[in-house]
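K.L.:
Give me coordinates for this.
(2 chains)
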Amino acid sequence: MEAFSRSVETDGALIEWSVRGRPDAFVEVVQRHEVAVHGFLARRAGREVADDLLAEVWLRAFAARGGYDPAHADALPWLYGIARNVLREHWRASLQAAEAPAPDVVDPWDEVNARLDSDARARALTAAVRALPASVREVLLLVAWEQLTPAEAADVLGIPQGTARSRLHRARTALRLALGEEGPCRPNTHNLSTRTR
Amino acid sequence: MQAEHAQPEYPDPLTMLGLVAAPSPEVLMAARERLWSAVAEQMLVMRPDTGAAEASDARQQGMGERGRES
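P.N.:
Numbering: from 1, shown residues only, chains lettered A, B, ... in the order given. Alright, predicted model coming up:
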């Protein structure tokens, strides 16, 4: 069995190793991203749910790794996409139990409200973000919270990059209108579409 | 004297809304252990010489062989 160099290999290379006879290489990928993926889950569903669902994300990713394109060096957007699906199924099951319609997007706002303190600025910003269409908001939060580029957010959501950029632009414009460019609640939206990885 | 790395005047409030506490090591370990179970299961059905997975179809083939023997 050949050895792989854990510290220098890209995620893509490790996943390829894991497909070609070294499934244990996949654990290194998980160790690199476990805090980020847990944060993704916790921001949207709370810490307890994140604790419960994290292993499910790893098992699904491990089962699906054969379809991963190893040319993608960073597996994090792919893992976020899997985490998003796990969350959607979790919420669908919860809503079915309550006999309510299932959401078509991942909506974190109940959890955000629970985190908020009495800070008026935070509440104003939350109201403005919450007023965004869900599909627009999801792109915004992938960029703002998970620090993804618009292209990476598009990968997570399975939408064209142009669509993600357009939605991000809509989000930035809407927030500026709602909060005022020079107001105390001004979110740092200038850099949201300019970061590159 | 200026700081080497300029800090923003205030944290980006949108980013602040997304701040959550880091998971406990025990949670991360527990999730990893479940993954290891799946990894170990797959390693058990691999040929040590090539690393290629014999997988369940091989086991099914073996069951077929036994079926023909009986």
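
K.L.:
Show me which residues of chain B are close to chain A?
P.N.:
B:8, B:12-23, B:27-28, B:30-32, B:34-36, B:38-39, B:42-43, B:46, B:48, B:50-53 (C-beta under 8 Å from any C-beta of the partner chain). C-beta coordinates here come from the backbone N, C-alpha and C atoms, glycine included.

K.L.:
In helices, which of the residues you listed fall?
P.N.:
Judged by DSSP state H, the subset of these located in helices is B:13-17, B:27-28, B:30-32, B:34-36, B:38-39, B:42-43.

K.L.:
Only the buried subset of the residues you listed, as a PyMOL command please.
P.N.:
Buried residues within these, by 16 or more other C-beta atoms under 10 Å in any protein chain shown, are selected in PyMOL with:
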select buried, chain B and resi 13+14+16+17+27+28+31+32+35+36+38+39+42+43
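
K.L.:
any low-confidence regions in chain B?
P.N.:
B:1-11, B:47-70 (pLDDT under 70).

K.L.:
ok, now chain A?
P.N.:
Applying pLDDT under 70 to chain A flags the ranges A:1-7, A:99-121, A:181-197.

K.L.:
Pick out the residue of it closest to chain B.
P.N.:
A:Gly21 (2.5 Å; C-beta to the nearest C-beta).

K.L.:
In a strand, that residue, correct?
P.N.:
No - judged by DSSP: H, G, I helix; E, B strand; the rest coil, A:Gly21 forms no part of a strand; its state is coil.

K.L.:
okay, now it: neighbour count?
P.N.:
18 (other C-beta atoms under 10 Å in any protein chain shown).

K.L.:
What separation is there between it and B:Gln42?
P.N.:
Distance, A:Gly21 to B:Gln42, by C-beta to C-beta, to the nearest Å: 10 Å.

K.L.:
One more: A:Phe26?
P.N.:
Following C-beta to C-beta, the distance that separates A:Phe26 from B:Gln42 is 10 Å.

K.L.:
Which helix or which strand is home to the nearest residue to A:Gln161 once chain neighbours are set aside?
P.N.:
Among residues not flanking A:Gln161 along the chain, A:Ala154 sits closest, at 4.4 Å (C-beta to C-beta, 6 or more residues apart in numbering or on different chains). According to DSSP states H and E, A:Ala154 maps onto helix A:150-157.

K.L.:
Which other helices and strands does that helix contact?
P.N.:
helix A:76-97, helix A:134-144, helix A:161-179 (3 or more C-beta pairs under 8 Å, 6 or more residues apart in numbering or on different chains; DSSP states H and E).

K.L.:
would you turn those into a markdown table with mean neighbour count and distance to A:Ala124?
P.N.:
Formatted as a markdown table, the helices and strands packed on helix A:150-157 follow (neighbours: other C-beta atoms under 10 Å in any protein chain shown; distance: least, C-beta to C-beta, whole Å):
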| stretch | mean neighbour count | distance to A:Ala124 |
| --- | --- | --- |
| helix A:76-97 | 18 | 27 |
| helix A:134-144 | 22 | 16 |
| helix A:161-179 | 18 | 7 |
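
K.L.:
what would those look like in a markdown table with distance to A:Leu125?
P.N.:
Putting these into a markdown table (distance: least, C-beta to C-beta, whole Å) gives the following:
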| stretch | distance to A:Leu125 |
| --- | --- |
| helix A:76-97 | 23 |
| helix A:134-144 | 11 |
| helix A:161-179 | 7 |
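
K.L.:
looking at those, which is closest to A:Asp11?
P.N.:
helix A:76-97 (7.6 Å; C-beta to C-beta).

K.L.:
And that closest one, what does it pack against?
P.N.:
Helix A:76-97 sits against helix A:25-45, helix A:47-64, helix A:150-157, with contacts defined as 3+ C-beta pairs under 8 Å, 6+ apart.

K.L.:
That helix vs helix A:134-144, what angle?
P.N.:
The directions of helix A:76-97 and helix A:134-144 differ by 140 degrees, with axes from the mean of the first three to the mean of the last three C-alpha atoms, to 10 degrees as the criterion.

K.L.:
centre of the chain versus helix A:76-97, how much separation?
P.N.:
Distance of helix A:76-97 from the chain centroid (C-alpha atoms, centre = their mean, to the nearest Å) equals 11 Å.

K.L.:
That one to helix A:47-64, inter-axis angle?
P.N.:
Using the same axes, to 10 degrees: helix A:76-97 against helix A:47-64 is 120 degrees.
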